[in-house]
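Novice: I'd like to go over a predicted model; first the sequence, then the structure.
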Amino acid sequence: MQQPIINPVPVKKFALFELGFRPFFLFASLFSIIATSIWMANFTFGWPLPISTITPIAWHGHEMVFGYAAAIIAGFLLTAVRNWTGVQTIKGGALASLVLVWLLARTLPLLNSALLFEWAALFDLAFFLGLILAVLHPIAKVKQWRQLLIVTILVLILAADIVYYLGVLHIVNQGVSWGLFSGVYLIMALIFTLARRVMPFFIERGVGYQVQLKNWSFVDSSSLLFLAALWIIDVFLKQALLTALLSLVLMILHSVRLSGWYTKGIWKKPLLWVLFLGYSMFVLGFALKAINFFNLYPTSIPLHAFTYGGIGLMTLGMISRISLGHTGRNINEPPKVLTWIFSVLFIGALVRVIMPIIMPSAYLHIIGLAQVLWIVAFMLFLSSYTMIFIKPRADGQQG
């Protein structure tokens, strides 16, 4: 992927709004710490949540899916689309405005006002609409119509967010549940689509030796079709047997895909093994969802394999690599602390997903530990990366 040619201008010392990944990765990481801390105070310690409009669990789910994960996606796409199309994506004031809209949607609900919550909902929807337009403009300008799948998924995520708010307003009876679980499946679809583009590329060029990874077009297309079917059947139709069977098929398909991407050299590169483990958590989630046809554990177990494990590890791994590469730093010599950061988050995912099955009586303590490990991982990440986001590129170029 070639960097677009941009007219030379003086490089700004404060570069936070020079490219989409900078502010969105920074504020998403910071927000994930704050939101998880609030959730821990409420769920683990019983403190009241400063929001009376919705239930605490609905707030937690919405903010991690449509807040944290959506911001990471925004930062990724506003950076990647610039590379794919050669057209500059929003920066400066336009980018700062989109970030501000996202921030208002996150903070206003915490002021515990029904009116401000409604404003937050409007800002939240405005953020997704702005993101869709910002991504669509360069794609349409160069007529890269093959990228429209990504835009379509973004539109569906916006629709899921609308359904969520219609549920909050008691207009759609199951709107909160439909919106939240649809958001999870749609973000998974987007991650699978983007991972297919970048993971083999990262691995082949990152292990330090010649390797030709395998991909199967059948797996690429069928995995998305089966995921779409699982989304509809699990969320809207509530067909337990079909949900289990589709989950089993998806576990097999993604295991095949992941086996084609495996090479032993990844274990020497934290920026590679974190993505491999993150993708493996999705496979584990499908397996747990299939097994849970027999109602052996709470449905939150496979859900958090997808969210805490899959989305959490994949997003943290991606933003760690992208932030180095797009600021002119050597991705082959990342900060040594990344090994600890990724290990802490992976242990947290295992604690959140596996331990409640083994020790259900200690559920509350297990959730508290998983929350602490998430917070620690992202605090360590920000301690190492905050100035990378704020300062100009190490090579003196724009972006």
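Specialist: Yep, that arrived.

Novice: Low-confidence ranges, this structure, go.
Specialist: 1-11 (pLDDT under 70).

Novice: which ones are touching residue 155?
Specialist: residue 132 (CB atoms under 8 Å, 6 or more residues apart in numbering). Every C-beta, even on glycine, is put in place using the N, C-alpha and C of the backbone.

Novice: List the buried residues of stretch 278-295.
Specialist: For stretch 278-295, burial by neighbour count (16 or more other CB atoms under 10 Å) applies to 278-292.

Novice: hmm, who's touching that stretch?
Specialist: By CB under 8 Å, 6+ apart, stretch 278-295 touches 188, 192, 195, 199, 240-241, 243-245, 247-248, 250-251, 254-255, 258, 297, 299, 301-303, 305-306, 309-314, 317, 349, 353.

Novice: Please, a PyMOL command that selects the buried ones among the residues you listed?
Specialist: Typed into PyMOL, the line below selects the buried ones among these, using 16+ other CB under 10 Å:
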select buried, resi 188+192+195+199+243+244+245+247+248+250+251+254+255+258+297+301+302+303+305+306+309+310+311+312+313+314+317+349+353
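
Novice: Out of the contacts of stretch 278-295, which sit inside helices?
Specialist: Counting by DSSP state H, the contacts of stretch 278-295 place 188, 192, 195, 199, 240-241, 243-245, 247-248, 250-251, 254-255, 258, 301-303, 312-314, 317, 349, 353 in helices.

Novice: Settle this for me: residue 52 is touching residue 113, isn't it.
Specialist: No - here residue 52 lies out of contact with residue 113, judged by CB atoms under 8 Å, at a distance of 9.2 Å.

Novice: which non-adjacent residue is nearest residue 37?
Specialist: Of all residues not flanking residue 37 in the chain, residue 375 sits nearest, at 6.2 Å (CB to CB, 6 or more residues apart in numbering).

Novice: Closest to residue 366 out of the buried residues of stretch 278-295?
Specialist: residue 288 (15.7 Å; CB to CB).

Novice: can you dump the C-alpha coordinates of the host helix or strand of the closest one into PDB?
Specialist: In this assignment (DSSP states H and E), residue 288 forms part of helix 270-291. Extracted in PDB, the C-alpha atoms of helix 270-291 (Å, rounded to 0.1, in the frame of the first residue of the first chain):
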ATOM      1  CA  PRO A 270       4.500  -9.800  20.200                       C
ATOM      2  CA  LEU A 271       2.800  -7.700  17.500                       C
ATOM      3  CA  LEU A 272       2.100 -10.900  15.600                       C
ATOM      4  CA  TRP A 273       1.200 -13.400  18.400                       C
ATOM      5  CA  VAL A 274      -1.200 -11.000  20.000                       C
ATOM      6  CA  LEU A 275      -3.300 -10.900  16.700                       C
ATOM      7  CA  PHE A 276      -3.100 -14.700  16.500                       C
ATOM      8  CA  LEU A 277      -4.300 -15.100  20.100                       C
ATOM      9  CA  GLY A 278      -7.000 -12.500  19.600                       C
ATOM     10  CA  TYR A 279      -8.300 -14.300  16.500                       C
ATOM     11  CA  SER A 280      -8.100 -17.600  18.400                       C
ATOM     12  CA  MET A 281     -10.400 -16.100  21.100                       C
ATOM     13  CA  PHE A 282     -13.100 -15.700  18.400                       C
ATOM     14  CA  VAL A 283     -12.700 -19.400  17.500                       C
ATOM     15  CA  LEU A 284     -13.000 -20.300  21.200                       C
ATOM     16  CA  GLY A 285     -16.100 -18.100  21.400                       C
ATOM     17  CA  PHE A 286     -17.800 -20.000  18.500                       C
ATOM     18  CA  ALA A 287     -16.900 -23.300  20.200                       C
ATOM     19  CA  LEU A 288     -18.300 -22.200  23.600                       C
ATOM     20  CA  LYS A 289     -21.400 -20.900  21.900                       C
ATOM     21  CA  ALA A 290     -22.000 -24.200  20.200                       C
ATOM     22  CA  ILE A 291     -21.400 -26.200  23.400                       C
END
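
Novice: Give me the distance between the residue nearest to the spatial centre of the chain and residue 393.
Specialist: Closest residue to the average C-alpha location of the chain: residue 69 at 3.6 Å, with CA atoms, centre = their mean. To residue 393, residue 69 is 26 Å away according to CB to CB, to the nearest Å.

Novice: for residue 315, same thing?
Specialist: Residue 315 is 22 Å from residue 393, by CB to CB.

Novice: Show me which of those two is the more surrounded one.
Specialist: Looking at residue 315 and residue 393 with other CB atoms under 10 Å, you find the greater number of neighbours at residue 315, namely 24 against 17.

Novice: Would you check that residue 68 makes contact with residue 28?
Specialist: Yes - between residue 68 and residue 28 there is a contact at 5.3 Å, judged by CB under 8 Å.

Novice: and the residue nearest to residue 175 when sequence neighbours are not counted, how many neighbours?
Specialist: Leaving aside its chain neighbours, residue 175 sits nearest to residue 167 (2.2 Å; criterion: CB to CB, 6+ apart). If you count neighbours by other CB under 10 Å, residue 167 ends up with 20.

Novice: Pick out whichever of residue 52 and residue 113 has more residues nearby.
Specialist: When neighbours are counted by other CB under 10 Å, residue 52 and residue 113 differ, and residue 113 comes out ahead with 15 against 11.

Novice: Spell out, range by range, the helices that occur in the stretch 101-250 of the chain.
Specialist: Secondary structure of the stretch 101-250 of the chain, counting by DSSP state H, counting those that start in this stretch: helices at 114-141, 148-168, 175-206, 217-231, 240-260.

Novice: Return the set of buried residues in the second one.
Specialist: By 16+ other CB under 10 Å, the buried positions in helix 148-168 come out as 150-151, 153-158, 160-168.

Novice: now it and helix 217-231, what's the angle there?
Specialist: Relative orientation of helix 148-168 versus helix 217-231 (axes from the mean of the first three to the mean of the last three CA atoms, to 10 degrees): 10 degrees.

Novice: Report the inter-axis angle for helix 148-168 versus helix 175-206.
Specialist: Going by the same axes, to 10 degrees, helix 148-168 makes 150 degrees with helix 175-206.

Novice: Many thanks, have a good one.
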